[in-house]
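*Asks:* build the 3D model from these lines:
(chains A and B)
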Amino acid sequence: MSPPDRINSWQDRISWGLLLISLVVYLLPHNTKIRIAPHFATILLSPLRGIAALRTTIATINNDNARLARLAAELALENARLKHFLNLPESTIAIPANSLRLIRARVIARDITTLKRFFTITRGADDGVQIGSPVIVPEGVVGRVIMVTPHQALVQTIFEPDFRVAVMNARTREIALAHPDQKEKLILDYVNKNADFRIGDTIVTSGLGGIFPKGLRLGVVVDTPEQPNALFKLVYVKPFINIMLIEQVFVIIPTFPLQDNWLDNLQPSETKIPE
Amino acid sequence: MRQFFACVFIYLLFVFQSTLFPVGPQFVLLALIVFALYETPLIATLLGIWAGFCLDLTTPTTLGVQMLTLGGIGYGIAVVRNLFYRNRWHNLLFTFTGLLLQRVLYYFVDKNPFNINTLLITTILTLTLAPFAEPAVVALFYRHSKK
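*Replies:* Prediction:
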């Protein structure tokens, strides 16, 4: 068959039609995709859960991992309680220990194209995970859940360009809004021009967004370049976490419904400064 | 029937790739290229879209990108393969072009640039395995084929 004949064959027309359908799927609105995908993901990604479970079973250290993870969670809560007792001004850890529940989850799938921005974990709606549930590791904030199926959830990490989180300087209590840049750092928005941000300051979540509890460690200030004509101060933060090394995470299951607050995870164009 | 098993095979490779080798060879792409060399354009497109759909499910926010890319790669190879005499090294060319197309398209629709290290590792490993992909897939699916 010569090339012109081939292009006109019925097979090619159907092929082009299928590619067109793929294009339409890509052009679907973001929310529609998030709504559609879980139905297929539940079925198609279930072997991933199975394999993860099998690997865990084969590895005899599973029990040790569980014990150590439980211990780490208990220590984190105890640490929060002790810091509270230290009477720090507006304590950096202000999570009411009895209002949150931590569950451990394994990372079971990543895709090469979005390696540092999304991953799938082994806990889902049946375990109490909700859309918006914060995901953390002992080093700091990892991200938040953006899609939930009964047995797994998709996590949007702090390196995803749409990610926003309300933060504060642990030393000076200045608040800001953090979002990722393209060099695996975070940039703080709406930092007062005269705010006191120094290299080495620890940045923690401020709790203003209603999604992330107050006091979760996020990163450390690494640069505050001078910009004489800018309205706000530019602050670069290096996150504490190394996203490539994360195998297990903790999902924070709040005992109260998550608020759909204005500050966390808004697109830049929608973000407004409160009066 | 063979096409059905090809779908299952691609799905198993997807599970294998996503679970064990998030940074590693693109097994799904390698298999798709070989299938595209032996199947009709329609089947190659369907297999490509299926492979892309599986990969897209791990990042639903960009659902459709991999479907479009891999569907296009499958169809393109199935059409192009008859236009010239094919040598074994052409598989390398197809693989490289496929990887390039995948990355470039993803770069345009996505907001973040790729991590150059992971990109290099993936590309090198995929190209290394490319010459072995065809004999392996042919042994599994086209042993009795006259092609």
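
*Asks:* the bottom helix or strand of chain B by mean pLDDT?
*Replies:* Sorted by mean pLDDT, DSSP states H and E, the helices and strands of chain B end with helix B:89-109, the least confident at a mean of 81.

*Asks:* neighbouring contacts of that helix?
*Replies:* A:26, A:113, B:26, B:29-30, B:32-34, B:37, B:62, B:65-66, B:68-70, B:72-73, B:77, B:113-114, B:119, B:122-123, B:126-127, B:130-131, B:133-134 (Cβ atoms under 8 Å, 6 or more residues apart in numbering or on different chains). Placement of C-beta: from N, CA and C, glycine included.

*Asks:* quick check: buried residues in stretch A:53-68?
*Replies:* A:Thr56 (16 or more other Cβ atoms under 10 Å in any protein chain shown).

*Asks:* so how far is it from its chain's centroid?
*Replies:* Mean-position distance between stretch A:53-68 and its chain equals 25 Å (Cα atoms, centre = their mean, to the nearest Å).

*Asks:* contacts for that stretch?
*Replies:* Contacts for stretch A:53-68 (Cβ under 8 Å, 6+ apart): A:Arg104, A:Arg106, A:Thr122, A:Gln248.

*Asks:* can you name the residues of the stretch 151-275 of chain A that neighbour chain B?
*Replies:* A:Leu154, A:Phe159, A:Pro161, A:Gln182 (Cβ under 8 Å from any Cβ of the partner chain).

*Asks:* now these as TSV including pLDDT, secondary structure and neighbour count?
*Replies:* As requested, these are exported to TSV (pLDDT from 0 to 100; DSSP: H, G, I helix; E, B strand; the rest coil; neighbours: other Cβ atoms under 10 Å in any protein chain shown):
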residue	pLDDT	secondary structure	neighbour count
A:Leu154	91	strand	27
A:Phe159	90	coil	24
A:Pro161	87	coil	15
A:Gln182	78	coil	10
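
*Asks:* looking at those residues, which is nearest chain B?
*Replies:* Nearest to chain B, judged by Cβ to the nearest Cβ, of those is A:Pro161 at 4.4 Å.

*Asks:* can you tell me how far the closest one sits from B:Gly76?
*Replies:* 30 Å (Cβ to Cβ, to the nearest Å).

*Asks:* can you check B:Glu39 too?
*Replies:* Looking at B:Glu39 against B:Gly76, where the rule is Cβ to Cβ, the gap reads 13 Å.

*Asks:* kindly report the same for B:Phe108.
*Replies:* For B:Phe108, the distance to B:Gly76 - Cβ to Cβ - is 18 Å.

*Asks:* out of the two, which sits in the more crowded spot?
*Replies:* B:Gly76 (20 against 8; other Cβ atoms under 10 Å in any protein chain shown).

*Asks:* list the contacts for the more buried one?
*Replies:* B:Ala36.

*Asks:* ok but it is inside a helix, no?
*Replies:* Yes: in this structure, B:Gly76 lies within a helix as judged by DSSP: H, G, I helix; E, B strand; the rest coil.

*Asks:* now the end-to-end length of stretch B:82-92.
*Replies:* Distance across stretch B:82-92, first residue to last, is 17 Å (Cα to Cα, to the nearest Å).

*Asks:* buried stuff in that stretch?
*Replies:* Here stretch B:82-92 shows B:Asn91 as buried, counting by 16+ other Cβ under 10 Å.

*Asks:* list the contacts of B:Phe9.
*Replies:* Each residue near B:Phe9 by Cβ under 8 Å, 6+ apart is listed here: B:Ala31, B:Leu140, B:Phe141.

*Asks:* what number of residues lie near B:Tyr142?
*Replies:* The tally of other residues near B:Tyr142 (other Cβ under 10 Å) stands at 17.

*Asks:* how much space separates it from B:Phe5?
*Replies:* Distance of B:Tyr142 to B:Phe5, given as Cβ to Cβ: 11 Å.

*Asks:* please apply the same query to B:Ile121.
*Replies:* Noted for B:Ile121: a distance of 30 Å to B:Phe5, by Cβ to Cβ.

*Asks:* of the two, which one has the most company?
*Replies:* B:Ile121 (15 against 11).

*Asks:* now do the contacts for the more buried one.
*Replies:* Taking Cβ under 8 Å, 6+ apart, we find B:Ile121 in contact with B:Val23, B:Gly24.

*Asks:* tell me where chain B is predicted with low confidence.
*Replies:* B:86, B:88, B:110-114, B:144-147 (pLDDT under 70).
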